[in-house]
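Trainee: from the sequence below, what's the structure:
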Amino acid sequence: MKIGGEVFPAFQPYIKPAYEIHISGCTRNCLGCQNPELQDFNYGEELDVNEYIKKLKKRTKFYEVISILGGDLLCQDFFEAENFARMLRVAFPKKDLWLFTGEKIHLVPRWAKEVFDYIKVGEYKEEMKQEGFPASTNQQLLKKGVDYGRN
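Mentor: Presented below is the predicted three-dimensional model:
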């Protein structure tokens with residue numbers, strides 16, 4: 001799995017300061033994709049999870065949210081994606097974790113619903129484009145414990 005870029009600090013749509021991690025690789029091929037270079041699984045630098053977490057810990061006092069965008073984490077190798085997400089949760093138990101995916105919520109794996117506090121679901125659809133967030137009207141931002149993950 002590769003990291004195609006980062007944005008730090010980011011404030012929208014989180015309200016709180018966020019560290020955005022852009023994963024490389026997506027199979028959805030959405031027309032009008034906002035990050036077309038991140039569709040390529042070979043774009044960016046190879047992820048060493050332990051080293052990356054050390055890097056994030058050095059800046060931990062400067063952000064409250066860690067957000068995974070792309071590309072799409074759920075288009076990655078299942079084991080690598082789950083391992084990365086779970087390691088982030090263990091390393092940063094008090095941070096809000098966000099996932100941006102083009103997947104439908106009923107197809108999001110259980111591990112992702114356990115790990116992430118917020119999940120933006122739905123493929124980008126250019127014909128449904130809107131100003132602001134989310135980018136197209138078919139997309140939804142869902143909150144753990146409210147929209148999914150109820151016991």
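Trainee: can you give me the strands for this protein?
Mentor: 2-10, 18-24, 45-46, 65-70, 96-100, 118-121, 140-143 (DSSP state E).
Trainee: export the second one as PDB, just CAs?
Mentor: By that I understand strand 18-24. What follows is strand 18-24, C-alpha atoms only, in PDB (Å, rounded to 0.1, in the frame of the first residue of the first chain):
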ATOM      1  CA  ALA A  18      -7.000  17.200  10.900                       C
ATOM      2  CA  TYR A  19      -4.100  15.200   9.400                       C
ATOM      3  CA  GLU A  20      -5.200  13.900   6.000                       C
ATOM      4  CA  ILE A  21      -3.500  10.800   4.600                       C
ATOM      5  CA  HIS A  22      -4.100  10.200   0.900                       C
ATOM      6  CA  ILE A  23      -3.900   6.500   0.000                       C
ATOM      7  CA  SER A  24      -2.900   5.600  -3.500                       C
END
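Trainee: quick one: strands adjacent to that strand?
Mentor: Neighbouring strands of strand 18-24 in its sheet, by DSSP bridges, are strand 2-10 (antiparallel), strand 65-70 (parallel).
Trainee: check the last one too.
Mentor: For strand 140-143, sheet partners with direction are given as strand 118-121 (antiparallel), following DSSP bridges.
Trainee: now do the strand it pairs with: distance to the chain's middle.
Mentor: 8 Å (CA atoms, centre = their mean, to the nearest Å).
Trainee: got the contact list for that strand?
Mentor: Here strand 118-121 makes contact (CB atoms under 8 Å, 6 or more residues apart in numbering) with 96-105, 108, 112-113, 134, 139-144, 148. From N, CA and C alone the C-beta is placed, and that goes for glycine too.
Trainee: show me which of the residues you listed are buried.
Mentor: Buried by 16 or more other CB atoms under 10 Å: 96-103, 108, 112-113, 134, 139, 142, 144, 148, out of the contacts of strand 118-121.
Trainee: for Leu31, give its distance to Lys129.
Mentor: To Lys129, Leu31 is 10 Å away according to CB to CB, to the nearest Å.
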